[in-house]
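# My questions concern the predicted model and sequence given below.
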Amino acid sequence: MQHVVVLGGSIAGLAATRALRGQGLAVTVVEPDGLATTGARGGVPQGGQLHALLDMGRTQAERWFPGLSKDLVADGAVLASGDGIQLYENGTRKVSVPGNELIGVTRTLLEDHVRRRTVLDDGVSVRVGRACGLDIRNGRVTGVRVRTAGSAEVSALPADAVVDATGRSSRLTSWLAAEGWPEPPADRMRIDLGYATARFRRGGELPGVSVAHQLPGAAAERLDTGAMAAVEGDQWMAVIVAYADRRPSRDPAEFLRRMREMGAGPFGVVADRCAMIGEVETYSMSHSLRRNWWALDRLPGGLFVVGDAVASFNPVYGQGMTSAFLHASCLAAHLRRGADLHAPARAYFRHVRVVVDAAWEVSTLSDLAQPHVTGPYPRGYRVARRMADWMARASTTDAWVNERFLDVVNMRRRPAALRTPEFWWRVAAALRAQAAQPGR
């Protein structure tokens, strides 16, 4: 049986492990914190923040972990749909989309369930330690060097292939450079983003509402972006997101004030009626990053990269975990085609690029509207930005337009779905109808 080493026990690493096991491969997960089946992992600074598992992410998660949503709901997670999901654009509530679903769950509970299922697999072993380099011979990866937790001892862990799931701080490019291999070209966009999350005791203050989301609007309006979801433990988790000098602090009074000023009404209801639990947790993100592995002309065989180690972008749209599950699906598809595990995985990276580019296009178009973000601007940006504003306005009243928009945000469709003549005819019709309303 061929053996693959997965670096990192994150959602991306665990999903990749499941995909590899589906192809009959033995897997060793290297994780500094081990894979304890309860509690938050150490070394995850954003672990206490509100996370989103978009609809496509949940679909893929169910593929690799059947019955996961049912198990999460049994443990208190909240499945929202229809009018239970309220989306706002610059303070205006969007029309609801039947069939749209989101699950409210903490990252800790989600990872608990995924880890538990992973470690119960006899074909998966766990190595507690930190990867510190690759062994590359005859043009392919043959193993990983691992530093044992709590010591300076380094040992070799042989492998037929290696999957890097160590996140945006991945050292893989440095390891390759040390072995004489080129580093992938990277795209960086400085966004200077900050976000803060707080928890509140949940009762019956918002009957029927499980998720509320204030989407990014025109930069000039300066409204905070935020999201709120009902999660396990009869709690609300609320996050406030802003850029540059407006980044939120850990001050509870400031957090409550900004919730009340949010254009989406449910935030104010929770701020006024619910008791805050614990402290406000903050996290900052200086830039979005995309490593273009598919652009390399030389790539060692047996090397795969998933999750934030490929690309990490503005978390406002919640695409991170969903992208990780989609990367696992790309890995499975690559292996199902009979790919040689020892060969350079060029076809895999071309497949992953489709997922990465779609998420990058959605997030960066919004980021570039911020006055402090200086590019790089893609060709035709000004026209695209104007069209995005029209689409956002139309989606507040036209359910068909909003459904197509959510298909792209939830990663069910590629952004090209928003560039068809039919779509823009509907956008124009919605804007004309809005203009004809009294007072508009």
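Ah, there it is.

# any idea how far the helix-or-strand element of the chain with minimal mean pLDDT is from the chain center?
Lowest on mean pLDDT, DSSP states H and E among the helices and strands of the chain sits strand 211-215, with a mean of 83. Its chain's C-alpha centre and that of strand 211-215 lie 16 Å apart, by C-alpha atoms, centre = their mean, to the nearest Å.

# what sits up against it?
80, 84-89, 91, 102, 104, 223-230, 262-264, 266-267, 316, 392 (C-beta atoms under 8 Å, 6 or more residues apart in numbering). Every residue, glycine included, has its C-beta placed from N, CA and C.

# so what's the most centrally placed residue in the chain up against?
Geometric centre of the chain, nearest residue: Gly320, 1.2 Å, by C-alpha atoms, centre = their mean. Gly320 makes contacts with His51, Gly307, Asp308, Ser312, Phe313, as judged by C-beta under 8 Å, 6+ apart.

# Of the residues you listed, which is the most crowded?
The member of the contacts of Gly320 surrounded by the most neighbours (other C-beta atoms under 10 Å) is Gly307, with 28 neighbours in all.

# Spit out the contact partners of it.
Residues in contact with Gly307 (C-beta under 8 Å, 6+ apart) are Gly8, Ser10, Ile11, Ala12, Gly13, Ala165, Gly167, Gly320, Ser323, Ala324, His327.

# Parallel or antiparallel, which strands does the least confident helix or strand of the chain pair with?
When pairing is defined by DSSP bridges, strand 211-215 lines up against strand 85-89 (parallel), strand 225-231 (antiparallel).

# And Ala26, how far from Asp160?
Ala26 sits 9 Å away from Asp160, going by C-beta to C-beta, to the nearest Å.

# Residues that sit against both of the two, list them.
Common contacts of Ala26 and Asp160 (C-beta under 8 Å, 6+ apart): Gln2, His3, Val4.

# What count of nearby residues applies to the second one?
Number of residues near His3 (other C-beta under 10 Å) recorded here: 18.

# about what we covered before: quick one: buried ones out of the contacts of strand 211-215?
Among the contacts of strand 211-215, those buried by neighbour count (16 or more other C-beta atoms under 10 Å) are 80, 84-89, 102, 104, 223-230, 262-264, 266-267, 316, 392.

# if we can go back for a sec, let's see the least confident helix or strand of the chain as CSV, backbone CA atoms only.
Written as CSV, here are the backbone C-alpha positions of strand 211-215 (Å, rounded to 0.1, in the frame of the first residue of the first chain):
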residue,chain,number,x,y,z
VAL,A,211,-28.0,33.8,10.4
ALA,A,212,-27.6,37.5,9.6
HIS,A,213,-24.9,38.9,7.3
GLN,A,214,-24.1,42.6,6.4
LEU,A,215,-22.3,42.3,3.1
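
# What segments of the stretch 151-300 of the chain are strands?
With strands called from DSSP state E, counting those that start in this stretch, the stretch 151-300 of the chain shows them at 154-158, 161-164, 186-201, 211-215, 225-231, 235-243, 276-291.

# Show me what the shortest one packs onto, helices and strands only.
In terms of contacts (3 or more C-beta pairs under 8 Å, 6 or more residues apart in numbering; DSSP states H and E), strand 161-164 is packed against strand 3-7, helix 11-22, strand 140-148, strand 303-305.
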